[in-house]
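Peer 1: Predicted model and sequence follow; I will ask about them next.
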Amino acid sequence: MTTKRRTKARPSATTRPGAAQHARTAARVGKPATARVRDPVATRQRILDAAKAEFARLGLGGARVDAIAARAKANKRMIYHYFGGKRDLFLAVLEAAYGDIRAAERKLDLEQLEPEGALRTLTEFTWRYYLKHPEFLTLVNSENLHKARHLKQSKVIGEMFTTLVAMVKDILDRGVKQGVFRRGIDPVQLNITIAAIGYYYLTNRFTGSIIYDRDLMAPKALEERLAFNVDTILRLVRA
């Protein structure tokens, strides 16, 4: 008489401990239990942020794609997938940097302010933005070393600055209409001056501190410079 050996059935995938809960969770979010969650928008932004830090620190020539990928915690191939080569990534960083400051300017709602108040606000904002975002100045310096060869390829930079010039022109026009600003001021020249009086001071802060024998970055010195900038711009435009 023979006896049949009873084999113990192995639990199926759905009966193994924890598997049922995993499957239910996957069903609730509408994804297969084995699917990996990918966020291309977040990945692209991490790459941009990492690239901005590397380019600001080392310039286009010194920055390395491997270092950018490591900082972004992204596969190196993802950089080429989203941006192309290193130069294309540098242009994307420049466009994002200019886009950020233009977006911040729009939030000032300058059209709601009186002309003098609007110009004062814009001048103060520009100075403080430069202080808060030194990488912006470094990136602009780097692109100037390359004679703007990358910005020449941009399809969005021109539109950004058309909007900025229109904003400054509106302030000037309202000031002329109210009799507080003189006529004939070029909004492009005025914008260059607003940028320049902050930009030069900060990009030359190290040499300037030696030449003029004062700490140009001391809190008191920074506040004095801002007051000087505002006074300079308002004297320039007043009727």
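Peer 2: Yep, it's here. Numbering: from 1, shown residues only.
Peer 1: how close does the spatially most central residue of the chain sit to Leu222?
Peer 2: Centroid check for the chain by Cα atoms, centre = their mean gives Ala97 as the closest residue, at 3.4 Å. Distance of Ala97 to Leu222, computed by Cβ to Cβ, to the nearest Å: 22 Å. (C-beta placed from N, C-alpha, C; glycine too.)
Peer 1: And for Leu48?
Peer 2: Taking Cβ to Cβ, one finds Leu48 at 29 Å from Leu222.
Peer 1: you'd agree Lys86 is up against Leu60?
Peer 2: Yes - counting by Cβ atoms under 8 Å, Leu60 is a contact partner of Lys86 at 7.4 Å.
Peer 1: in the chain, which ranges drop under the pLDDT threshold?
Peer 2: Within the chain, the ranges that satisfy pLDDT under 70 run 1-38.
Peer 1: domain ranges for it?
Peer 2: Listed domain ranges for the chain are 39-84, 93-237 (source: automatic domain parsing).
Peer 1: Could you tell me the end-to-end distance of the shortest one?
Peer 2: Counting by Cα to Cα, to the nearest Å, you get 19 Å between the two ends of domain 39-84.
Peer 1: before we move on, what about the last one?
Peer 2: The separation between the terminal residues of domain 93-237, taken as Cα to Cα, is 34 Å.
Peer 1: before we move on, what about stretch 57-72?
Peer 2: 15 Å.
Peer 1: outside of stretch 48-58, which residues touch it?
Peer 2: With contacts defined as Cβ atoms under 8 Å, 6 or more residues apart in numbering, stretch 48-58 is touched by 63-64, 67-69, 71-72, 74, 89-90, 92-93, 96-97, 134-135, 138-139, 142.
Peer 1: if you set the cut-off to 10 Å instead, what comes out?
Peer 2: Defining contact as Cβ atoms under 10 Å, 6 or more residues apart in numbering, one finds that stretch 48-58 is touched by 60-65, 67-74, 79, 82-83, 86, 89-90, 92-97, 100, 133-139, 141-143.
Peer 1: re earlier: quick one: which helix or strand includes the residue nearest to the centre of the chain?
Peer 2: Using DSSP states H and E, Ala97 sits within helix 86-106.
Peer 1: for that helix, the distance to its chain's centre please.
Peer 2: Centroid separation between helix 86-106 and its chain, computed with Cα atoms, centre = their mean, to the nearest Å, is 5 Å.
Peer 1: Show me which residues of that helix are buried.
Peer 2: For helix 86-106, the buried set under the neighbour-count rule, 16 or more other Cβ atoms under 10 Å, comprises 86, 89-95, 97-98, 101-102, 105.
Peer 1: would you turn these into a markdown table with distance to Leu190?
Peer 2: Shown next, in a markdown table, are the buried residues of helix 86-106 (distance: Cβ to Cβ, whole Å):
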| residue | distance to Leu190 |
| --- | --- |
| Lys86 | 36 |
| Leu89 | 33 |
| Phe90 | 30 |
| Leu91 | 28 |
| Ala92 | 30 |
| Val93 | 28 |
| Leu94 | 23 |
| Glu95 | 24 |
| Ala97 | 22 |
| Tyr98 | 19 |
| Ile101 | 17 |
| Arg102 | 17 |
| Glu105 | 14 |
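Peer 1: The residue nearest to the centre of the chain contacts Phe136, doesn't it?
Peer 2: Yes - using Cβ atoms under 10 Å, Ala97 is in contact with Phe136, at 5.4 Å.
Peer 1: What segments of the chain are helices?
Peer 2: Applying DSSP state H to the chain gives helices spanning 19-28, 40-62, 65-72, 76-83, 86-106, 115-132, 134-145, 157-178, 187-203, 205-211, 219-237.
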